Every structure is written in C-alpha cells, then in structure tokens.
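S.K.: Attaching a predicted model along with its sequence, questions to come.
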Amino acid sequence: MSAPVLGIDLGTRNALSAVAQAGKGVVLIPSRWGGFRTPSVSAWTSGGWLAGEDAARSEIKNPSTTWWDIKRKLGTTWRGRCGRGHCTPEDVLAPLMILLREDAEACLGEFVSSCVLTVPASFSFTERAAAGRVARSAGFSAVRVINEPTAAALAFGASGKFLVLDYGAGTVDVSVVESEGEVWQVLESTGIPASGGRDFDVALARRLSSRMGATDLDENSPLFRTLLAEAEELKIMLSSCTACEWTPPAGVCSAPIRVARPELEELIRPSIEKVNTAVLRLWRKHRPDRLLLVGGGSRIPLLRQMLEERVARPDHLNLCPDETVVTGAALYGAMPDKGRLLLDVLSQDLGILAADGTPAPLLERGAYLPARAERRFLSVGDGPFTITVFQGSGSRRRVIASLKVQEARKDEEIALSFTVDSDGLLKIDIIRSDGRITSIEPLELGEEPRSASSEIPAEIRDLERRFALMSVSLSPAQQERGAAVLRMARTLGTGEYYQAGIEALERMLSEMERVVG
C-alpha cells in the first residue's frame, strides 16, 4: 500500500485538504474543529503561533498580529511584527500548513510526508518557489505544485476541450484545458489581478462603514475587521436572496440597515466586467466545448448572468465549487508515474532586460512545461555586471531577479540558461567560459518583485537609456559608478530631493557625453 499524498488547496480565505483512496474515491480531511474548511489565517500571540480556527477566534484580541491574506504576499519582502522580531510571509503560512498536515495524519492514522499544493496560474516564479518552501518547512519532504484551474479540470474528469474559470477569494484564474484519454493538455492560462471575492468584501465593508457614518476606519481596527467578516456573510446571503436586513455592531448604529443585491452589484460590476472580458477572449480564441466555474466566487449571480449572456451557459458540476480544486489535487497525487500525462504551459513571458531597458523574452507565454532556453552574450568590459530578469509583459511586467556576474573579462562568452520544470518552478544557471556554473533561485536574492517599467519615472528611464548607449566607451569602474548612481536615483521618491537628484544626474551624464562624444 503506497503512502498517502495529500492534496492541498491553500485558499486566501479557507484551506482544504483531501486524499484519493482506493475504493473510496476522494476523501476530504476534516479539521480538528469538525468542519472541512480551515480558515487560512495565522496569528502571533504571547504564547506563540496559532493557526486556523484558533487564530480566527483570537483576531479581536490580537488584530495587528493576525493575518488572513498572507498568501497574496508570498514572494515579496513583506515583514510583519511578531513580538520583538519580524516574520516573513513564509513564517506566517508555515503554522497553517503544519496544521493541515497534522489533521491529515490524525484522520488517516499514518504519517503524511508528500503533498500536491495548488497555486494560482498567475503566480510568479518567486511566489511559486515560496509556496513550495512553506510546504517543505511544514514537514512535507515531497512537494508537487500545480495550477488551481488545472487541478479543477482534473476533477471534472471528462474528455473534450473546456474553459475553467476559478473565482477565488484572492485570485481569479482562467485556463483552457483539452483532455483525451489519459492526456491532459493546458492550452492557455491567465490571471486577473485584484478581482477576487476578498476585494468585494473590502468594498462592501467600506460601503457599510460609510452608511454608519464611520468613514475613516483603519483597516486594521477591530471595528473594520468586524465589518469585513459581516460583509463576507452579506455577500454570500445576497447570492441567494435579493435583499437582507443587517444589524450593525452594538454601540455603532442602532437601526438595522437594508442591503440589496443591486447595491453590491454596483460595487463589483467593474471587476466582473474585467473577468468577463478575459473569459470571452480565451473563449473566442480556443472555441472550447464547455464552460466550468469553480471557487466560491462562481456563485455570484451577476457573474453567471453576464457569462451566460456574452459567452456561454456554464456547465452544471456534480462537485461543490469550493471543493473542486482540492479534489483535482488529490487525484493528481494518486496518479501513478506512468499513468495520466499532464501538460501545463507557461502563463507569462520570461526574459531579460537589455542595457537600454528593452525586454528580450527567452521563454514566451504558452510554452509547454518543462521548458528550457539559453542566451549567450559577450561582456563589454572587465569587472562585474548585472543581468535583470523579468516575468510578464506590458504593464504587468515585473523584475523577479537581478543577477550579478562577478569578475567578468572583456569579450568573455557567458551563457544564461532558464529551466522551468513541470511544476512551474524556475532555475537559472549562469555558465562561464571556464566551465563554472552558478545556479540561482530568484527569491534567494531577497528582492521584492516590482514593475520593470511602469513604476520607474520617465526621467530616470531616459537617463538610463543615455547611459546604456555610451557605456561601451567607459571603463569598468565608470560603468559601475554610473550604474550605482542610477540605482540610487530610483529610491529618491518624489519632491525636492527627487528633482535635485535628477538635475545632478543630468549634469553628470551631459559631462560624460561631452567627453565621450
């Protein structure tokens, strides 16, 4: 009998886990509190870490050290205050993952050391790597990572081509999947940012606070946390009724407030429109046979109405929308190595930025995984230089790593190799002319993913282009000095210091251009 592989859907609001057992199918793992949904929350208290229901119940007492939406901060340099120290997103998520593993071991009566962890299709390489590290730190020695809509497609089980819309609390993903026999092929995946159910809760909570006359509430205040929980319940209720009476917290407003579905739809319509546009684009491009909706947000009447009017009528599933992803993860974990074949794709472009800031993709969106690409180039001078790696395209392009190559020689041939495995995890190899190989994970560099273009002021981009054009005529020391000054300029912010810095850089570059040219 093989060891169990735990399928985990680590949602923004709730986490679920399940295993596939011979003769029983997929079995959901109950939590220690009796339900199948564990709140995705961790809290730091004077007694240490709490997770799940215990953490949720301590929120009123410890609002500033209780975190719900930490999944959205994976792969960033976010830090939270824990007693006298600080904690990373991985530190916060680890107690929750340990809780899921312990509950599974208590239910199954045996040790669990392997898991299939689902993540949004829109997750960057740094976010995916961080999620895998959290699972390993929680005691899982073997970790597979697959996209949430891909897992949902596996749970559906039918043959054909279908579009999966996974509408979760924190993320919204769309994938087109085609299956035939034992082969599952992802044709395209995309994510829609800032459109999840949690964003709807925040918008409705702000509307409720405004109607109560409390317009300047801090989002970390106990009252706003209470309103946020009430808003989530109202949103769920308004999916099955057209209006309801809401009683504000004691001491704030004595009269009940009537909340109608059109008021909620007014708040969420722009986000629903954005999701509908993304679905329609993939539907017209791939012409799938069926439209599948999963995730708690798929119950929103406005979403289903707009999709039925503009795209297609959603298929009826025999699975609970909240449990579809974890069911697919459990089935994937139970697949034999020589069983079904799952072919996933790269959801975003991957490449490097040229010296003048021009993006040069090495692997394009839609490439089948695993994938590998290599780029060779010559160093322009002696000394160190930096390679900037990006992911995404257009306004959603983000820098995920800055790789410093040490002790380069002029005209030395250097190879940069990108390898993305079947789990969507990235490995970067820098291969030198003498055979030395340096392997790097982007997050090891400790940089927060940021925009590669839209967040850099136009004045600085112009100065960087001018510097890049004349850098080949500069000595290595001058190149490093100029690059260091330009990096510093990005931290100047705005106001008088920013303007003074730009003017100083302008004078410096003008003098260098005069000497060079």
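M.R.: Yep, that arrived. Numbers count the residues shown, from 1 in each chain.

S.K.: which residue ranges form the strands in the stretch 101-250 of the chain?
M.R.: 114-119, 142-147, 160-167, 172-180, 183-192, 243-246 (DSSP state E, counting those that start in this stretch).

S.K.: Can you list the neighbours in contact with the helix or strand just after the last one?
M.R.: Once the chain leaves strand 243-246, the next helix or strand it forms, by DSSP states H and E, is strand 257-260. Contacts made with strand 257-260 from outside it, assessed by CB atoms under 8 Å, 6 or more residues apart in numbering, are listed as 208, 211-212, 234, 238, 242-248. The C-beta positions use only the backbone N, C-alpha and C, and glycine is treated the same way.

S.K.: what do you get if the cut-off is 7 Å, keeping everything else the same?
M.R.: 211, 234, 242-246, 248 (CB atoms under 7 Å, 6 or more residues apart in numbering).

S.K.: Out of the strands of the stretch 101-250 of the chain, the one nearest residue 341 is which?
M.R.: strand 183-192 (4.7 Å; CB to CB).

S.K.: mean confidence for the closest one?
M.R.: Regarding strand 183-192, the rounded mean pLDDT is 85.

S.K.: quick one: buried residues of stretch 425-435?
M.R.: 425-428, 430-432 (16 or more other CB atoms under 10 Å).

S.K.: for that stretch, the distance to its chain's centre please.
M.R.: Put simply, stretch 425-435 sits 26 Å off its chain's centre (CA atoms, centre = their mean, to the nearest Å).

S.K.: Now do the end-to-end distance for it.
M.R.: 24 Å (CA to CA, to the nearest Å).

S.K.: domains for this structure, by residue range?
M.R.: The chain breaks down into these domains under automatic domain parsing: 5-195+269-343, 346-452, 456-517.

S.K.: Could you look over the ones you listed and pick the most buried one?
M.R.: domain 5-195+269-343 (a mean of 20; mean count of other CB atoms under 10 Å).

S.K.: distance of the residue lying closest to residue 346 once chain neighbours are set aside from residue 414?
M.R.: Nearest residue to residue 346 in three dimensions, chain neighbours excluded: residue 367, at 4.5 Å (CB to CB, 6 or more residues apart in numbering). Distance of residue 367 to residue 414, given as CB to CB, to the nearest Å: 23 Å.

S.K.: Please apply the same query to residue 85.
M.R.: Taken as CB to CB, the span from residue 85 to residue 414 is 40 Å.

S.K.: Repeat that for residue 259.
M.R.: For residue 259 relative to residue 414 (CB to CB), the value is 61 Å.

S.K.: cool, and residue 143?
M.R.: As judged by CB to CB, residue 143 and residue 414 stand 32 Å apart.

S.K.: rewinding a little: ok, of the contacts of strand 257-260, which come out buried?
M.R.: The buried subset of the contacts of strand 257-260 (16+ other CB under 10 Å) comprises 211, 234, 244, 248.

S.K.: Throw those residues into JSON lines and include pLDDT, thanks.
M.R.: Compiled in JSON lines, those are given as follows (pLDDT from 0 to 100):
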{"residue": "211", "pLDDT": "86"}
{"residue": "234", "pLDDT": "93"}
{"residue": "244", "pLDDT": "91"}
{"residue": "248", "pLDDT": "83"}
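
S.K.: Now residue 296. Nearest residue, chain neighbours left out?
M.R.: Per CB to CB, 6+ apart, closest to residue 296 is residue 322, 5.4 Å.

S.K.: what kind of secondary structure is that neighbour in?
M.R.: Following DSSP: H, G, I helix; E, B strand; the rest coil, the label given to residue 322 is helix.

S.K.: Now do the same for it: its pLDDT.
M.R.: We note a pLDDT of 91 for residue 322 in this prediction.

S.K.: what's the spacing between it and residue 35?
M.R.: 12 Å.

S.K.: try residue 369
M.R.: Taking CB to CB, one finds residue 369 at 35 Å from residue 35.

S.K.: now swap in residue 51 and tell me
M.R.: Taking CB to CB, one finds residue 51 at 15 Å from residue 35.

S.K.: and what of residue 138?
M.R.: Applying CB to CB, the value for residue 138 to residue 35 is 21 Å.

S.K.: do residue 218 as well
M.R.: 31 Å.

S.K.: before we move on, what about residue 141?
M.R.: 28 Å.

S.K.: Could you do residue 216 as well?
M.R.: Residue 216 sits 36 Å away from residue 35, taking CB to CB as the criterion.

S.K.: now swap in residue 419 and tell me
M.R.: 41 Å.

S.K.: so where do the helices sit in the stretch 201-350 of the chain?
M.R.: All helices of the stretch 201-350 of the chain, identified by DSSP state H, counting those that start in this stretch, fall at 222-237, 261-286, 301-310, 324-334.

S.K.: if we compare these, which one ends up closest to residue 150?
M.R.: Between the helices of the stretch 201-350 of the chain, helix 324-334 lies closest to residue 150; by CB to CB that is 7.4 Å.

S.K.: now the angle from that closest one to strand 172-180?
M.R.: Calculated by axes from the mean of the first three to the mean of the last three CA atoms, to 10 degrees, helix 324-334 forms an angle of 50 degrees with strand 172-180.

S.K.: Tell me where the model's unsure across the chain.
M.R.: In the predicted model, the chain carries pLDDT under 70 at residues 1, 194, 250-254, 337-340, 440-502, 504, 516-517.

S.K.: and residue 211, how far is that from residue 381?
M.R.: 64 Å.

S.K.: so how far is stretch 368-388 from its chain's centroid?
M.R.: Using CA atoms, centre = their mean, the offset of stretch 368-388 from its chain centre is 26 Å.

S.K.: quick one: contacts of that stretch?
M.R.: Contacts to stretch 368-388, defined as CB under 7 Å, 6+ apart, come from residues 343-346, 352-353, 362-363, 399, 402-422, 424, 471-472, 476, 479-480.

S.K.: now stretch 302-317
M.R.: Residues from elsewhere that reach stretch 302-317 (CB under 7 Å, 6+ apart): 167, 265, 268-269, 272, 276, 279-280, 283, 290-293, 297, 324.

S.K.: got it, and stretch 128-141?
M.R.: Residues contacting stretch 128-141 (CB under 7 Å, 6+ apart): 74-75, 89-90, 93-94, 97-98, 101, 113-115, 117, 119, 143, 145, 424-425, 441, 443.

S.K.: ditto for stretch 29-36
M.R.: Taking CB under 7 Å, 6+ apart as the rule, stretch 29-36 contacts 16-19, 28, 38, 52-53, 103-104, 107.

S.K.: Repeat the analysis, applying 10 Å as the threshold.
M.R.: 4, 6-8, 14-19, 28, 37-39, 52-54, 56-57, 99-108, 112, 320, 322-323, 326, 330 (CB atoms under 10 Å, 6 or more residues apart in numbering).

S.K.: List every C-alpha atom in that stretch, with coordinates, as PDB.
M.R.: Extracted in PDB, the C-alpha atoms of stretch 29-36 (Å, rounded to 0.1, in the frame of the first residue of the first chain):
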ATOM      1  CA  ILE A  29      -9.900  15.700   5.500                       C
ATOM      2  CA  PRO A  30     -11.800  17.100   8.400                       C
ATOM      3  CA  SER A  31     -10.200  19.700  10.600                       C
ATOM      4  CA  ARG A  32      -9.800  19.300  14.400                       C
ATOM      5  CA  TRP A  33     -12.900  21.600  14.800                       C
ATOM      6  CA  GLY A  34     -15.100  19.200  12.800                       C
ATOM      7  CA  GLY A  35     -15.500  21.000   9.500                       C
ATOM      8  CA  PHE A  36     -13.800  20.500   6.200                       C
END
